[in-house]
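> model this:
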Amino acid sequence: MILARYLLRLHIGPFLFGTLTVLFLFLLQFLMNNLDKLLGKGLDNGIIVQVILLSLAWMVVLAVPMGVLFSTLMAFGSMSAAQELTIIKSGGRSLWRMMAPLIMIGSLLFYGMYWFNDKILPESNHKFKILMQDIQRKKPTFSIEAGQFVTQLEGYTILARHIDSATRTLYGVTIYDNGQSSRLNVLSADTGAIAFSEDFSKLNVTLLHGEVHQLQKVKRTDFRVMRFSKHIISIPARDFLFQRSDEGLSSRGDREMSIHDMQLIVSDASNILQKSQFKTQQLINEHCKELLDTKINTTVKEQIKIDPKFVTKPNKKEIIRRAMNRLAVLRSPIESELYTIAEQQKKKKAYLVEIYKKYSIPCACLVFVFIGCPLGMMSKRGNFGISAAISLLFYVVFWACLIGGEKLADRNLISAELGGWFCIYVTGSIGLLLTFMMNNEISLKDIISSLFRLKK
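Numbering: from 1, shown residues only. As a prediction, this is how the structure comes out:
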């Protein structure tokens with residue numbers, strides 16, 4: 001019990017440090033890729049914070065297994081460097097017994113991350129997608145700079161030659177109204193002011209002491225000039241106010257669904273697949289019998305009635321041509337059913353892979369215990385550099401196997417189960433092999449030599 005508490009105490013610090021470091025790196029990458037989408041649109045700080053919090057969900061799923069691998073490497077590496085593992089082994093404790101409390105913690109983390117991956121992550125992904133769509137739909141904050149044309153308003157171009165920053169009064173204002181298909185209006189005024197309506201649906205432009213130059217586009221000779229002392233224009237200003245969409249009205253992707261939701265889709269796809277396969281088999285049996293037993297003979301009999309010479313001069317090419325035409329007609333419904341079968345098989349396999357990934361990614365919390373403990377003993381160092389390098393290497397291997405298994409399953413080269421669990425099979429085998437080697441104090445060279453002796 002004392003040893004278990006000591007091991008857990010050694011792991012807490014590196015686990016938190018490794019997890020938070022990975023979270024920080026992922027968050028930094030996210031901000032670098034999406035900062036331009038969030039700034040310059042006049043969004044409330046609460047909306048930006050909500051975007052960041054929702055994006056943290058998928059980062060946690062990736063960071064926690066990395067924290068487990070980093071902490072086991074640091075803890076067992078430092079114990080190995082201080083000869084503590086040698087002392088513990090001399091007391092009769094094997095590596096398996098030292099790893100027992102870590103395996104229990106890894107199992108608890110596996111269950112916790114599975115629950116998080118199934119319940120929290122889909123909702124966070126869905127809300128994040130809807131929120132980012134709303135942000136992308138919102139136009140940037142409306143602003144006017146002196147001497148620059150403003151084209152943010154649909155159908156209108158505004159130019160202010162000078163702006164009083166204290167009173168926000170515009171001087172030397174020119175507005176080009178291109179919204180009318182039949183005429184072009186050019187408004188110019190000495191001074192002006194711009195303000196949004198209360199609901200941000202319109203932009204009210206108040207002009208003082210100016211003229212309206214109106215030109216008919218069809219009849220160029222029809223030109224009018226109207227002078228005014230005060231003129232107000234209401235310009236439609238859509239999407240300048242941030243509006244939230246209804247989350248229930250948007251469809252969900254596979255990464256926005258729980259295991260139960262995806263199982264329902266798989267079940268529906270299986271039912272459609274069975275019906276299409278049965279219908280295809282029926283069509284093939286009926287059409288082949290109809291084609292071989294009836295249609296060719298009917299074609300020959302009809303030709304005999306039309307042309308008696310057909311009996312004396314058999315036209316085999318004509319018989320084959322008409323039979324092929326009939327076959328093309330009969331083939332159309334079969335091809336339609338075969339297309340349905342292929343699409344439903346692809347859909348079923350894609351969702352099955354996602355279901356298995358809901359289990360395999362959290363399972364990395366347990367698998368990395370079997371990798372980190374023996375590798376920490378082998379490195380005999382508990383420093384940050386070695387632990388970070390080894391953690392990054394195996395994390396890259398894990399995700400390469402995860403993505404590779406998913407791609408192979410999508411291309412129908414392996415089963416959905418193997419594709420979803422491929423990363424665990426590979427890294428788990430490496431972890432068990434390393435644990436077996438360190439527990440029995442044998443090297444890879446000894447294992448290879450034993451295999452060669454068995455072959456002989």
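> host element of Ser188?
Secondary structure from DSSP states H and E places Ser188 in strand 183-196.
> ok, now Ile272?
Here Ile272 sits within helix 259-290, counting by DSSP H and E.
> What helices and strands are in contact with that helix?
Secondary structure elements in contact with helix 259-290, counted by 3 or more Cβ pairs under 8 Å, 6 or more residues apart in numbering; DSSP states H and E, are helix 316-379. All C-beta spots, glycine's among them, are computed from the backbone N, C-alpha and C.
> If you compare the directions of the helix it packs on and helix 259-290, what angle comes out?
Note on geometry: by axes from the mean of the first three to the mean of the last three Cα atoms, to 10 degrees, helix 316-379 and helix 259-290 are set 150 degrees apart in direction.
> Tell me how far helix 316-379 lies from the chain's centre.
Centre-to-centre, helix 316-379 and its host chain are 19 Å apart (Cα atoms, centre = their mean, to the nearest Å).
> Quick check: mean pLDDT of that helix?
Here the mean pLDDT over helix 316-379 is 80, rounded to a whole number.
> Which strands or helices does that helix pack on?
Under the contact criterion of 3+ Cβ pairs under 8 Å, 6+ apart, the helices and strands touching helix 316-379 comprise helix 45-81, helix 95-115, helix 259-290, helix 296-306, helix 384-410, helix 416-440.
> out of the ones you listed, which comes closest to His162?
If you check each of the helices and strands packed on helix 316-379 against His162 by Cβ to Cβ, helix 45-81 wins as the nearest, at 32.5 Å.
> so how far is the helix or strand following that closest one off the chain centroid?
From helix 45-81 onward toward the C-terminus, using DSSP H and E, the following helix or strand is helix 84-90. A distance of 47 Å separates the C-alpha centroid of helix 84-90 from that of its chain, computed with Cα atoms, centre = their mean.
> returning to that earlier point: so which of the helices and strands packed on helix 316-379 gets nearest Ile144?
Relative to Ile144, the nearest member of those by Cβ to Cβ is helix 45-81, separated by 24.2 Å.
> Any stretches of the chain with poor pLDDT?
Residues of the chain that meet the criterion pLDDT under 70 lie in 1, 40-42, 137-143, 181, 198-201, 220, 237-250, 286-330, 380-384, 443-456.
> Next, the buried residues of stretch 341-356.
Neighbour counts over stretch 341-356 (16 or more other Cβ atoms under 10 Å) mark 341, 344-345, 347-356 as buried.
> of all the residues you listed, which comes closest to Ser71?
Taking Cβ to Cβ as the measure, Ser71 lies nearest Tyr356 of these, at 26.5 Å.
> so the closest one makes contact with Gly419?
Yes. Using Cβ atoms under 8 Å, Tyr356 is in contact with Gly419, at 7.3 Å.
> returning to that earlier point: what's the angle between the helix holding Ile272 and helix 95-115?
The directions of helix 259-290 and helix 95-115 differ by 80 degrees, with the same axes, to 10 degrees as the criterion.
> Quick check: the gap between the residue nearest the centre of the chain and His126.
To find the centre residue of the chain, average its C-alpha atoms and take the closest one (Cα atoms, centre = their mean): that gives Arg255, at 6.8 Å. Distance check for Arg255 against His126: by Cβ to Cβ, to the nearest Å, it reads 9 Å.
> One more: Ser270?
Following Cβ to Cβ, the distance that separates Ser270 from His126 is 25 Å.
> now the helices: where do they sit in the stretch 101-250 of the chain?
Read by DSSP state H, counting those that start in this stretch, the stretch 101-250 of the chain holds these helices, from start to end of the chain: 121-137.
> hmm, back to that, same drill for Ser270 and His126, tell me which one is more crowded.
Counted by other Cβ atoms under 10 Å, Ser270 and His126 do not tie: His126 has more neighbours, with 20 against 13.
> surely that one meets Asp254?
No. In terms of Cβ under 8 Å, His126 does not count as a neighbour of Asp254; the distance is 11.4 Å.
> what domains does the record give for this structure?
As given by automatic domain parsing, the domain ranges for the chain are 2-138+356-440, 149-236, 259-353.
> Check the ones you listed for me and report the most buried one.
Between the domains of the chain, domain 2-138+356-440 has the highest mean count of neighbours, a mean of 18, where neighbours are mean count of other Cβ atoms under 10 Å.
> now do the same end-to-end measure for that one.
Taking Cα to Cα, to the nearest Å, the span from the opening residue of domain 2-138+356-440 to its closing residue is 24 Å.
> same deal with stretch 160-178?
Chord length of stretch 160-178, first to last residue, is 18 Å (Cα to Cα).
> who's in contact with it?
With contact meaning Cβ atoms under 8 Å, 6 or more residues apart in numbering, stretch 160-178 is reached by 144-147, 155-159, 184-194, 205, 207, 210, 233.
> Please report how far Gly179 lies from Leu208.
Spatial separation of Gly179 from Leu208 under the definition Cβ to Cβ is 22 Å.
> And Trp115, how far from Ala81?
Note on Trp115: its distance to Ala81, by Cβ to Cβ, is 37 Å.
> same deal with Leu73?
In this structure, Leu73 and Ala81 are separated by 12 Å, where distance is defined by Cβ to Cβ.
> and Ile144, what is it in contact with?
Shown in contact with Ile144 (Cβ under 8 Å, 6+ apart): Val150, Ile158, Ala160, Ile163, Leu170, Ile194.
> can you do 10 Å?
Ile144 sits next to Val150, Gln152, Ile158, Leu159, Ala160, Ile163, Arg168, Leu170, Val173, Gly192, Ile194 when contact means Cβ atoms under 10 Å, 6 or more residues apart in numbering.
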